[in-house]
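[1] dropping a prediction and its sequence here:
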Protein chains: 2
Amino acid sequence: MRASKFPEERRQQIIYLLKQEGKVTAQNLSVRLNVSEDTIRRDLKDLELSGHLTRVHGGALPRSPSHSPYSARQTQNTNAKISIAKEVTKLINSDQVIFIDSGTTALEVARQLPFDLNITVITNSPPVLIALSEHPNINVILLGGVLNKKSMALTGNTTQNALSKIRADICILGVCSLHDELGVTTTDFEEAELKRVMIENSSEIIVPITADKLGTAAPFGITTIEDISHIVTESTAPEKILTPYQKAGISITKVKS
Amino acid sequence: MRASKFPEERRQQIIYLLKQEGKVTAQNLSVRLNVSEDTIRRDLKDLELSGHLTRVHGGALPRSPSHSPYSARQTQNTNAKISIAKEVTKLINSDQVIFIDSGTTALEVARQLPFDLNITVITNSPPVLIALSEHPNINVILLGGVLNKKSMALTGNTTQNALSKIRADICILGVCSLHDELGVTTTDFEEAELKRVMIENSSEIIVPITADKLGTAAPFGITTIEDISHIVTESTAPEKILTPYQKAGISITKVKS
DNA sequence: TATATTATTGCATAAACATGCATATAAAAA
DNA sequence: TTTTTATATGCATGTTTATGCAATAATATA
């Protein structure tokens, strides 16, 4: 193991090793990185704080996918999400081709699609596929790729490539955050890329979003709000926050939850 | 069973084993995880406190009857399939790349993959992906394509194309029928194509199959039995039916169900 | 009820941990 | 450059954690 001059470099190495080997021990890292166990422990503490791993007595483990945002998010705000999703389905007509993005709100849209709707859905989200697998009139196409267990989305080069060859009428975008100045942002770099391609290849962009995500921002930018066609949100969303979107010519629907 | 140093790791393993086997006993866990029963009991107490299981005298049971997110146990899997699947997993080693085909038996193999196995799984079956989404050590790659709702498999040009670019160590083939003269056959034309490519691109072909499918045939041929490396089936399978395969040099494992 | 199995509790020990402190090093200010 | 400041690191310390063992209590089963 090369001697790393900077602590940051060493921490990166720890993350790398953890990913490679599934677990790390303070003792082992101390030897391999040529620093005392104390330093390693301090590193691990920092890395835990910044969300890169979970500490355990003796070392550290990857952040468990079972405690991942996904399964936790699944049950949050369900009623609001269902109401929003139902409203979104009204914007979809038969014979259209629809992108459905990953994310719990977009998943709910898939679940609420009426039985008599005759459309083709293209998605990178296995949960969306499962939800639609019993729908009699919807043709489902899944983009291939590597599974991101945290978000339950397929990502990577393959996914993006497959996506770039398809054009859709409507894109149901799953977003982490929406901000009038910073636009659409998300927490995962790779997914940001993917969402950008989705947007580029769709005629209409619909953003279903719960009120609590309005006015917030995440690290990775996807696009400005100009690309958005519709926003569907809760009636509890303050008028003031929505004004910039209305001015940008976005059609906004509010549902009571 | 890999030596797992961290208590947290051990507890995750307990959860995993409980999910797989429906129940665990302190005694059994003590042996399998190489710690005293005292430690196991302490683990179980913690896990009960954190809501992962319910304790009973002698061991523990799952908390909610079926805490599987989706259609996990939709197929009533016979004991035979589970036994076969468990046997198949013994043929897989860490760091290998595995194709897992669609079909209920192959799906069961995915479900039975042990906690500590570190492999990459490539599949065209969304149910397999869902089954593996909570597995901490398996990297899952899904082939894209159009969903065939009957078989819950992705098929089509896209799938085949993606598949043709990948080589695997082992292919777990889901088969409808196996006949000593007609070879491997299936009921769906497109899937036959796909399976053929899978076989071509794998070093080893493992066929898990229940006894009732032996000696039967379906419309679309996939390959002759020469390509098969292993067959895992039930001990109830008559010796006579298996003779041709043995003569073809195929290694056969029988499990009691 | 009697007996065997399983649980709990307290205790001992070794490993891992947090903390304060001293020192060394790097970055910033003079 | 020199001085100052902040950061990073290792060591000594007392503390916490993980674990197995033994004694006792609770529970299942004959």
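    Yep, that arrived.
[2] contacts, neighbours, all on C-alpha from now
    Will do.
[3] what are the phi and psi values at the closest residue to A:Q96 other than its chain neighbours?
    Spatially, and ignoring its direct neighbours in sequence, A:Q96 is nearest to A:I119 (5.3 Å; Cα to Cα, 6 or more residues apart in numbering or on different chains). The phi/psi pair for A:I119 (degrees, to the nearest 10) reads phi -130, psi 170.
[4] so who does A:I119 touch?
    A:N93, A:S94, A:D95, A:Q96, A:V97, A:I98, A:N137, A:I138, A:N139 (Cα atoms under 8 Å, 6 or more residues apart in numbering or on different chains).
[5] now list the buried members of the residues you listed.
    Burial by neighbour count, judged by 16 or more other Cα atoms under 10 Å in any protein chain shown, picks out A:V97, A:I98, A:N137, A:I138, A:N139 from the contacts of A:I119.
[6] any idea how far A:S133 is from the last one?
    To tie it back to what came earlier, the one meant is A:N139. From A:N139 across to A:S133, the span is 9 Å (Cα to Cα, to the nearest Å).
[7] joint contacts of those two?
    With Cα under 8 Å, 6+ apart, A:N139 and A:S133 have common neighbours B:L147.
[8] which pLDDT value goes with A:R73?
    At A:R73, the pLDDT value in this model is 65.
[9] now do A:V88
    What the model reports as pLDDT for A:V88 is 97.
[10] what sits against it?
    Counting by Cα under 8 Å, 6+ apart, A:V88 touches A:V109, A:I206, A:P208, A:V232.
[11] helices - which of the residues you listed land there?
    Among the contacts of A:V88, the residues falling in helices (DSSP state H) are A:V109.
[12] identify, from the contacts of A:V88, the entry nearest to B:T253.
    Taking Cα to Cα as the measure, B:T253 lies nearest A:V109 of the contacts of A:V88, at 46.5 Å.
[13] so who does the residue lying closest to the closest one once chain neighbours are set aside touch?
    Of all residues not flanking A:V109 in the chain, A:A85 sits nearest, at 4.4 Å (Cα to Cα, 6+ apart). Residues near A:A85 by Cα under 8 Å, 6+ apart: A:T105, A:A106, A:E108, A:V109, A:Q112, A:P208.
[14] same thing with A:I199?
    Going by Cα under 8 Å, 6+ apart, A:I199 touches A:C171, A:I205, A:D227.
[15] return the residues in contact with the second one.
    Translated: A:I205. Going by Cα under 8 Å, 6+ apart, A:I205 touches A:I170, A:C171, A:I172, A:L173, A:I199, A:D227, A:I228, A:S229, A:H230.
[16] element containing the fifth one, please.
    Secondary structure from DSSP states H and E places A:I199 in helix A:189-200.
[17] who are the contact partners of whatever residue of chain A ends up closest to chain B?
    Closest to chain B within chain A is A:G144: 3.5 Å, counting by Cα to the nearest Cα. By Cα under 8 Å, 6+ apart, the contact set of A:G144 is A:N124, A:L154, A:T158, A:T159, A:A162, B:I141, B:L142, B:L143, B:G144, B:G145.
[18] in strands, which of those residues fall?
    If you go by DSSP state E, the contacts of A:G144 have A:L154, B:I141, B:L142, B:G145 in strands.
[19] skipping its backbone neighbours, what lies nearest whichever residue of the stretch 151-257 of chain A sits closest to DNA strand D in space?
    Residue of the stretch 151-257 of chain A nearest DNA strand D, by Cα to the nearest atom of the strand: A:P219 (22.6 Å). Distances taken as Cα to Cα, 6+ apart place A:T187 nearest to A:P219, at 5.7 Å, with adjacent residues excluded.
[20] for the one you found, phi and psi?
    When quoted as degrees, to the nearest 10, the phi and psi of A:T187 stand at phi -100, psi -10.
[21] hang on, A:C171 in a strand?
    Yes - checked against DSSP: H, G, I helix; E, B strand; the rest coil, A:C171 lies within a strand.
[22] got a list of what it touches?
    Neighbouring residues of A:C171 by Cα under 8 Å, 6+ apart: A:I98, A:F99, A:I100, A:D101, A:M198, A:I199, A:S202, A:S203, A:E204, A:I205, A:I206.
[23] give me the neighbour count for A:V184.
    By the criterion of other Cα atoms under 10 Å in any protein chain shown, A:V184 has 28 neighbours.
[24] which residue packs closest to it, ignoring adjacent ones?
    Spatially, and ignoring its direct neighbours in sequence, A:V184 is nearest to A:L178 (4.9 Å; Cα to Cα, 6+ apart).
[25] before we move on, what about A:L154?
    For A:L154, ignoring the flanking residues on the chain, the nearest one in space by Cα to Cα, 6+ apart is A:L147 at 4.6 Å.
[26] let me see the contact set for that neighbour.
    Shown in contact with A:L147 (Cα under 8 Å, 6+ apart): A:A153, A:L154, A:T155, B:S133, B:N139, B:V140, B:I141, B:L142.
[27] now for these: which two are most distant?
    Farthest-apart pair in those is A:T155 and B:S133; separation 14.1 Å (Cα to Cα).
[28] of those two, which one has the most company?
    Shown here are A:T155 and B:S133; by other Cα under 10 Å, A:T155 has more neighbours (24 against 20).
[29] could you chop chain A up by domain?
    Following automatic domain parsing, one gets these domains for chain A: A:7-63, A:72-255.
[30] weakest of these by average pLDDT?
    For those, mean pLDDT drops lowest on domain A:7-63, to a mean of 88.
[31] still on that earlier bit, is it true that the residue nearest to A:V184 touches A:T216?
    Yes - if you go by Cα atoms under 8 Å, A:L178 and A:T216 touch, sitting 5.7 Å apart.
[32] of these two, who's got more company?
    Taking other Cα under 10 Å, A:L178 and A:T216 do not tie; A:L178 has more neighbours (23 against 15).
[33] would you mind writing the CA trace of the strand ranked longest in chain A as PDB?
    Counting residues, the longest strand found in chain A (DSSP E) is strand A:202-208. The C-alpha trace of strand A:202-208 is given here as PDB (Å, rounded to 0.1, in the frame of the first residue of the first chain):
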ATOM      1  CA  SER A 202     -39.000  13.600 -23.500                       C
ATOM      2  CA  SER A 203     -41.400  16.000 -24.900                       C
ATOM      3  CA  GLU A 204     -43.100  16.700 -21.600                       C
ATOM      4  CA  ILE A 205     -41.700  16.700 -18.100                       C
ATOM      5  CA  ILE A 206     -44.000  16.000 -15.100                       C
ATOM      6  CA  VAL A 207     -42.700  16.500 -11.600                       C
ATOM      7  CA  PRO A 208     -44.800  14.900  -8.800                       C
END
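[34] partners of whatever helix or strand comes next after it, with directions?
    Where DSSP H and E defines the elements, the next helix or strand beyond strand A:202-208 is strand A:220-223. Taking DSSP bridges as the criterion, strand A:220-223 sits next to strand A:183-186 (antiparallel) in its sheet.
[35] quick one: contacts of the partner strand?
    Residues from elsewhere that reach strand A:183-186, judged by Cα under 8 Å, 6+ apart: A:175-178, A:192, A:217-225.
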